[in-house]
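Participant: have a look at this prediction, sequence included:
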Amino acid sequence: MKPFIFCPICSQKLEPAVLEERNRMLCPKCGWVHYSNPLPVAIAFTRNTNGEVLLIRRAHEPAFNQWALPGGFIESSEEPHEGCLRELWEETSIEGSIESLVGVYHRESTMYGSLIAIAYRVLACHENICINHESLKRDSTLPTACLRSPFPCTGRLLKRASPTAEEAGYSIGTAESVRVVRPPSDSAK
Ligand SMILES: [Zn+2]
């Protein structure tokens, strides 16, 4: 992400400064400091009652056409778990309930800079999937690619959320556009 050049408060050109032993950009007129903090993202590791995991294929950059877990930026005044369920609903029309926290992960995005991803296990309340503009309808590769995702935290997250998935791989479930996949260890039951 490009650094700020002008102050967003008063439009003065920013100047480099060392503050708290870090290089920052400072407004010499009003004192505004550009702190480079990570943006919070919520991710939904969503399963149905059969233990099948929901993946989407992204329709936008970053990671266009790649498999990913539903999720997105948490809005101001929103609890992280609320953002998680909202993003899930916006992207897939699936309503879910939070089961537990999977973990909190850091990753660098060329588009958005530093991100903190907060991932929850979510139980899908139904399977009436309707994708929005953020997901693609076409579909050709196996979702095991998700373990080599351009999002480095996705593979770690999947392994943490479903420890058998990486050794077992995934088999394909149903749906044209949004894949529901089931680890073979589960499907054998
Ligand atoms: Zn200023």
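Facilitator: Nice, I can see it.

Participant: residue contacts, the closest residue in space to P80 that isn't next to it in sequence?
Facilitator: Leaving aside its chain neighbours, P80 sits nearest to I118 (4.8 Å; criterion: CB to CB, 6 or more residues apart in numbering). Glycine gets a C-beta too; all of them are placed from N, C-alpha and C. Contact analysis of I118 by CB atoms under 8 Å, 6 or more residues apart in numbering lists P40, V41, A42, I43, I74, P80, C84, L101, V104.

Participant: in space, what's closest to the fifth one - neighbours in sequence excluded?
Facilitator: In this case it means I74. G83 (3.7 Å).

Participant: that neighbour touches F73, doesn't it?
Facilitator: Yes - with contacts counted by CB atoms under 8 Å, G83 reaches F73, the gap being 7.5 Å.

Participant: so E87, which state does it fall into?
Facilitator: Per DSSP: H, G, I helix; E, B strand; the rest coil, the local secondary structure of E87 is helix.

Participant: what about the nearest residue to it once chain neighbours are set aside, how many neighbours?
Facilitator: Of all residues not flanking E87 in the chain, G72 sits nearest, at 4.1 Å (CB to CB, 6+ apart). G72: 17 surrounding residues under other CB atoms under 10 Å.

Participant: and if you look at the one 3 residues further on?
Facilitator: Counted with other CB under 10 Å, the neighbours of E75 add up to 12.

Participant: assumed it was part of a strand.
Facilitator: No - E75: not assigned to a strand; according to three-state DSSP it is coil.

Participant: and it, what's its pLDDT?
Facilitator: Predicted confidence (pLDDT) for E75: 96.

Participant: again with the one 10 residues further on
Facilitator: Per-residue confidence (pLDDT) for L85: 96.

Participant: cool, and the one 5 residues further on?
Facilitator: For E90, the pLDDT comes out at 89.

Participant: before we move on, what about the one 5 residues further on?
Facilitator: E95 is assigned 91 on the pLDDT scale.

Participant: look up how far I129 lies from it.
Facilitator: Distance of E95 to I129, computed by CB to CB, to the nearest Å: 11 Å.
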